[in-house]
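[1] Show me the folded form of this:
(4 chains)
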2 protein chains.
Amino acid sequence: MPREKKLATIGQIAASVGVATSTLRFYEREGLLSPAGRSPAGYRLYELGAVEQLQFIRSAQSVGFSLENIKALLSLDERTSCKQVQIMIQSRLNDITQRIVELKSVQRTLTHTLNRCRKSKKGCPVLKDFLKP
Amino acid sequence: MPREKKLATIGQIAASVGVATSTLRFYEREGLLSPAGRSPAGYRLYELGAVEQLQFIRSAQSVGFSLENIKALLSLDERTSCKQVQIMIQSRLNDITQRIVELKSVQRTLTHTLNRCRKSKKGCPVLKDFLKP
DNA sequence: GCCAACCTTAAAGTATAATTGAAGGCTAAT
DNA sequence: ATTAGCCTTCAATTATACTTTAAGGTTGGC
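    Take a look at the predicted model:
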């Protein structure tokens, strides 16, 4: 029989990643991270790998994946779905690229407006004629 | 005495800009756009310039100003506060520039990850080792 | 064997921003 | 007279990611 792995309580896992225990319970409800089991008293017991998974979640969040996205990523079968991962990353990349395009356009517009504003001798042109181009 | 200007009802103004009447009432509460007056029955009556002001609001929104920002812009005295407008635009530009930097960084990271993903022969590397660089 | 620190649940609350909707009742146009 | 449009106020919605609350039960160190 396989020997027991080391297990940690919710507080220990939470502390080692720097999140609140309530966040871990929330993630469990959302299907992002479940404890390996429960103690006789009902305490959640996590494998130490949970720390890694939490770090994965935080990393993915930091590049803009929503918890829903991340749930989808985590639910993939590692061997068969690299393609699916690529699709999700590509989709996120598309969003980001589009957003950058939009922001640059706004940047151009505002820069233009600011220059007009600076050159103006009488009265602020912005307040009459905002962002028309 | 100045002759009466043409006035429009809330529905007419709303329709010509493509917003809901409830939005106009909301803007009024927020101090963004008030009707010129009321009819005997209490109907809001707007000057036609309200359409322009609404378009200003939508334009400013589209480049990322919040309604609060816009309220501040609208409350400025046109003759004296071009400087203040410049400050607000510059501040928005700074936000945008920063956001673009962040997004590009994420873009690089994801592109890198995607390439690793594509090259991988056995199993998806992303699911084990996400975004570490 | 005591007490502080931990754990449990479910549901409700928080934050932000900008609307949107419902209820109940006048008004305008045809 | 019907109906579309307007009025008011107050509340609910949308989205996302948590956080808090209430009312307990459990554990571990001294």
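[2] and residue A:33, what does it touch?
    Contact analysis of residue A:33 by C-beta atoms under 8 Å, 6 or more residues apart in numbering or on different chains lists A:24, A:27, A:50, A:53, A:54, A:57. Heads up, the C-betas are built off the backbone N, CA and C, glycines and all.
[3] how near is it to DNA strand C?
    Distance from residue A:33 to DNA strand C, counting by C-beta to the nearest atom of the strand, to the nearest Å: 13 Å.
[4] which SS class is that residue?
    At residue A:33, secondary structure determined by DSSP: H, G, I helix; E, B strand; the rest coil is coil.
[5] Then residue A:8?
    Quick answer, by three-state DSSP: residue A:8 is strand.
[6] That one contacts residue A:50, correct?
    Yes. The pair residue A:8 and residue A:50 passes the contact test of C-beta atoms under 8 Å, sitting 7.4 Å apart.
[7] Out of these two, name the residue with the larger neighbour count.
    In this view residue A:8 and residue A:50 are compared by other C-beta atoms under 10 Å in any protein chain shown, and residue A:50 has more residues nearby, 25 against 19.
[8] Who are the contact partners of the more buried one?
    Residue A:50 is in contact with A:8, A:13, A:33, A:35, A:36, counting by C-beta under 8 Å, 6+ apart.
[9] and with 6 Å instead?
    Neighbouring residues of residue A:50 by C-beta atoms under 6 Å, 6 or more residues apart in numbering or on different chains: residue A:13.
[10] so it, which of the three states?
    helix.
[11] just residue A:16 next, same as before
    Per three-state DSSP, residue A:16 ends up helix.
[12] ok, now how distant is the residue nearest to it when sequence neighbours are not counted from residue A:14?
    Nearest residue to residue A:16 in three dimensions, chain neighbours excluded: residue A:51, at 5.5 Å (C-beta to C-beta, 6 or more residues apart in numbering or on different chains). As defined by C-beta to C-beta, to the nearest Å, residue A:51 lies at a distance of 10 Å from residue A:14.
[13] Then residue A:96?
    From residue A:96 across to residue A:14, the span is 30 Å (C-beta to C-beta).
[14] again, but for residue A:35
    Between residue A:35 and residue A:14 the computed distance is 12 Å (C-beta to C-beta).
[15] cool, residue A:60 as well?
    In terms of C-beta to C-beta, residue A:60 sits 18 Å off from residue A:14.
[16] same deal with residue A:47?
    14 Å.
[17] quick one, which of those two is more surrounded?
    The neighbour comparison of residue A:47 against residue A:14 (other C-beta under 10 Å) goes to residue A:14, with 21 against 16.
[18] Tell me the pLDDT of the residue nearest to that one when sequence neighbours are not counted.
    Nearest residue to residue A:14, sequence neighbours excluded (C-beta to C-beta, 6+ apart): residue A:21, at 4.6 Å. pLDDT for residue A:21: 96.
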